[in-house]
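**Student:** Turn this into a structure:
(one chain, ligands or ions: 1)
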Amino acid sequence: MSTKYILVTGGVTSSLGKGIICASLGRLLVARGLKVTVQKLDPYINVDPGTMNPYEHGEVYVTDDGAETDLDLGHYERFLDIKTSQENNVTTGRIYYDVIKKERKGVYLGKTVQVIPHITDEIKSHVTKLGESENYDVVIVEVGGTVGDIESLPYIEAMRQLKYEVGRQNVLSIHLTLVPYLAAAGELKTKPTQHSVKTLSESGLSPDILVCRSEHPLDNTIRSKIAQFCNVEIEDVIESLDAQSIYEVPLLMQKEGLDKQVIQKLNIETDKPDLEKWIQFVDRLRYPDKTVKIALVGKYVEHHDSYKSIVEALIHGGAVNDAKVKIKWVQSETLNTQNIDKHLNDVSGILVAPGFGDRGIEGKYLAVRYAREQKIPFFGICLGMQSAVVEFARNVAGLEHADSTEFNEKTPHPVIDLMLDQKEVTDKGGTMRLGKYACSLVDDTRAAVSYGKQTIDERHRHRYEFNNAFKKKLTDAGLVISGVNPERDLVEIIELKDHPWFVGVQFHPELKSTVYQPHPLFVSLVAASLDHAENKKIEESAVAETPVE
Ligand code: GLN
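**Tutor:** You can find the predicted model right below:
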């Protein structure tokens, strides 16, 4: 079978959840035994989102091959249980960068280089290159932005051309729109969808299927009205209601027949979908046995998308433990010695988040100290791990002014320092220690027990690292080094012994947690947090039962 391409565009407004719809359709097709990947085309001029701050763009998702990408790739990996790579995320910046490099080399010698055909050709070649790279049955191509935006135009045009190049029978166009409810009129309104489809069709890419986001069910009258005005069959009008959890969306889409319509139109023969494991997972989310509260301490807590993969990994880890994880968002900037107890005394686990820059850093150190002293399960990720090392150095190992040189270049005890190969780096884009690196685990440590193996690999995104000059001093004081990168002897995991669960990791485990393969450290953290809550309850009831003399 030649590779089929499903182009997904969005209209009316942004934030309709195109990424989740693509991931859900991907899950449904994978469940039918197809080999599927999803690609995101982003119409902005940054070469990648690596240089944007989380307020601008949410989390930067890092792939095994070290690409800094859009957070939708996280959804693709979590839903489809696949690995993505640089090729799964292409931006306008990258397209232009590549075209201009070619122009300088003389590849287009004698020609005027233009949006059409050079930019559109480059876009198409990225799409088909991905399809051919692993002989995929289906590539779902999510076109970022909203139809009608100036910057989306070259993509829509490229997609139109693609239809002719790979054969119309191999391409399907899905358009995601909004059907708003006007309370004053007491009605759902189809006009925005009609306009959006009209705009798309004017560019030559009429939709084959419409996925309509709505807060209310679409009855048959509305469906046939949309079908009639937008030139599709009534079965091709798919309702997408708000779901309780993003993980319910594949099941809702299956109920609406999205996958059935897709394979029919693309003429694909498949097995029956096997969604048993997915349904079990969703059941666990719907009916958890217990709840556990874990604090997420960071500086972007008002903007939950900044920690997207951590939130999802906690959900996966919770489901394995039959528990719902309630996240308590704690702004590290507001923490001080007076209020720390008030903020953290009701949680059963504390996670200190990754980050860059010194805003809120002292609050992170305080949160680590609180977790260490109160023996609350602690998980430090990247900057969170570095914070744990600094706190331990200052308050346990007696290095009073220990710090990371990211925050104090002149510290007498630089326990966290710039990596050697980072010292000369001046460019900001794509220059950190990025992507997959191996890590050897030390026997009988918390990490080795959680992973149940000796060697693992995890994804990185940082410039600073544990300074090996302080290894002896800190381990003598009781710090356990439980994971090391074998090639460069870099400390990747630290732990504490006389603590129920205290783990800091230099990498980003959250990026590899999927529905079908929940990350072992998140599973273990949630289990430890549940134990902590249980023990606290026992202690409290013992205190309550102690007779007053
Ligand atoms: N700012 C730290 C570094 O660059 C931590 C990075 C992170 O948390 N991702 O090493």
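**Student:** Pull up the residues of the stretch 351-500 of the chain that are close to the ligand.
**Tutor:** Residues of the stretch 351-500 of the chain lying near the ligand by CB under 6 Å from any ligand atom: P354, G355, F356, C382, L383, E406, R461, H462, R463, Y464. Just so you know, the C-beta spots here come from the backbone N, C-alpha and C atoms, and that holds for glycine as well.
**Student:** Which residues are in contact with the fourth one?
**Tutor:** Contact analysis of C382 by CB atoms under 8 Å, 6 or more residues apart in numbering lists P354, G355, R461, H462, V505, Q506, F507, H508.
**Student:** just checking, which of these belong to strands?
**Tutor:** Taking DSSP state E, the ones among these that sit in strands are R461, H462, V505.
**Student:** could those residues be laid out in TSV, adding distance to Y97, pLDDT and neighbour count?
**Tutor:** As requested, the ones in strands among the contacts of C382 are exported to TSV (distance: CB to CB, whole Å; pLDDT from 0 to 100; neighbours: other CB atoms under 10 Å):
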residue	distance to Y97	pLDDT	neighbour count
R461	21	96	20
H462	25	96	21
V505	33	98	26
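**Student:** Just the residues contacting stretch 522-540, thanks.
**Tutor:** Counting by CB under 8 Å, 6+ apart, 290, 292-294, 313-314, 316-318, 320-321, 323, 325, 348-349, 351, 375-377, 379, 446, 449-450, 500-501, 503, 509-510, 513 sit against stretch 522-540.
**Student:** Pull out the buried residues from the residues you listed.
**Tutor:** Neighbour counting with 16 or more other CB atoms under 10 Å marks 292, 294, 313-314, 316-318, 320-321, 323, 325, 348-349, 351, 376-377, 379, 446, 450, 501, 503, 509-510, 513 as buried within those.
**Student:** And L351, how far from A67?
**Tutor:** 25 Å (CB to CB, to the nearest Å).
**Student:** Tell me the pLDDT of I263.
**Tutor:** According to the prediction, I263 has pLDDT 97.
**Student:** isn't there a helix covering it?
**Tutor:** Yes. Under DSSP: H, G, I helix; E, B strand; the rest coil, I263 falls within a helix.
**Student:** Is it correct that it is in contact with P273?
**Tutor:** No. Look at I263 against P273 with CB atoms under 8 Å: they stay out of range, at 9.8 Å.
**Student:** got any residues that touch both of those two?
**Tutor:** Joint contacts of I263 and P273 (CB under 8 Å, 6+ apart) are R32.
**Student:** Just say helix, strand or coil for M253.
**Tutor:** helix.
**Student:** what's it in contact with, if anything?
**Tutor:** Neighbouring residues of M253 by CB under 8 Å, 6+ apart: I21, S24, L25, L28, V211, I238, S240, D259.
**Student:** Can you flag the buried ones in these?
**Tutor:** I21, S24, L25, L28, V211, I238, S240, D259.
**Student:** hey, what's the fifth one bridged with?
**Tutor:** Right, the one you point to is V211. Listed by DSSP bridges, the beta-bridge partners for V211 are L176, I238.
**Student:** isn't T37 right up against Y136?
**Tutor:** Yes. With contact defined as CB under 8 Å, T37 counts as touching Y136 (5.4 Å).
**Student:** Compare these two (neighbour count), which wins?
**Tutor:** Using other CB atoms under 10 Å as the criterion, T37 and Y136 rank with T37 on top: 25 against 20.
**Student:** And the helix or strand hosting that one, what's buried?
**Tutor:** According to DSSP states H and E, T37 maps onto strand 36-42. By neighbour count, with 16+ other CB under 10 Å as the criterion, the buried positions of strand 36-42 are V36, T37, V38, Q39, K40, L41, D42.
**Student:** Also stretch 351-369?
**Tutor:** Here stretch 351-369 shows 351-356, 360-369 as buried, counting by 16+ other CB under 10 Å.
**Student:** State the mean pLDDT of that stretch.
**Tutor:** Averaged over stretch 351-369, pLDDT sits at 96.
**Student:** And the contacts of that stretch?
**Tutor:** 294-300, 307, 310, 314, 330-337, 340, 344, 350, 378-384, 387-388, 390-392, 394-395, 406-407, 461, 508, 525.
**Student:** returning to that earlier point: TSV for the contacts of M253, including pLDDT, secondary structure and distance to the ligand?
**Tutor:** Output for the contacts of M253, formatted as TSV (pLDDT from 0 to 100; DSSP: H, G, I helix; E, B strand; the rest coil; distance: CB to the nearest ligand atom, whole Å):
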residue	pLDDT	secondary structure	distance to the ligand
I21	97	helix	29
S24	98	helix	29
L25	98	helix	31
L28	98	helix	33
V211	97	strand	35
I238	97	strand	38
S240	96	strand	34
D259	97	helix	37
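**Student:** now, among these, which is nearest to L176?
**Tutor:** Among the contacts of M253, V211 lies closest to L176 (CB to CB), at 4.7 Å.
**Student:** Now the two most distant members of the residues of the stretch 351-500 of the chain next to the ligand.
**Tutor:** So for these, where distance means CB to CB, the most widely separated pair is E406 and R461, at 13.9 Å.
**Student:** Mind listing what's buried along the biggest helix by length in the chain?
**Tutor:** As assigned by DSSP state H, the longest helix anywhere in the chain is helix 520-545. Neighbour-count burial for helix 520-545 flags 520-530, 532-533 (criterion: 16+ other CB under 10 Å).
**Student:** Over to stretch 491-502?
**Tutor:** Buried residues in stretch 491-502, counted by 16+ other CB under 10 Å: V491, E492, I493, I494, E495, L496, H499, W501, F502.
**Student:** Distance check, the second one against I381.
**Tutor:** So the one you mean is E492. From E492 to I381 the distance is 12 Å (CB to CB).
**Student:** And for the fifth one?
**Tutor:** Here E495 is placed at a distance of 14 Å from I381 (CB to CB).
**Student:** what's the overlap in contacts for those two?
**Tutor:** G504.
**Student:** so how far does stretch 68-88 reach from one end to the other?
**Tutor:** 11 Å (CA to CA, to the nearest Å).
**Student:** is any part of it close to the ligand?
**Tutor:** No. Using CB under 6 Å from any ligand atom, stretch 68-88 never reaches the ligand; the gap is at least 10.9 Å.
**Student:** Take the contacts of stretch 351-369 and keep only those in strands.
**Tutor:** Reading strands off the contacts of stretch 351-369 with DSSP E, I get 294-298, 330-331, 350, 378-381, 461.
**Student:** Double-check G26 against F79; I have them as touching.
**Tutor:** Yes. Between G26 and F79 there is a contact under CB under 8 Å: 6.0 Å.
**Student:** I'd guessed V396 sits against K473; true?
**Tutor:** No. Taking contacts as CB under 8 Å, V396 lies outside contact range of K473: 10.7 Å.
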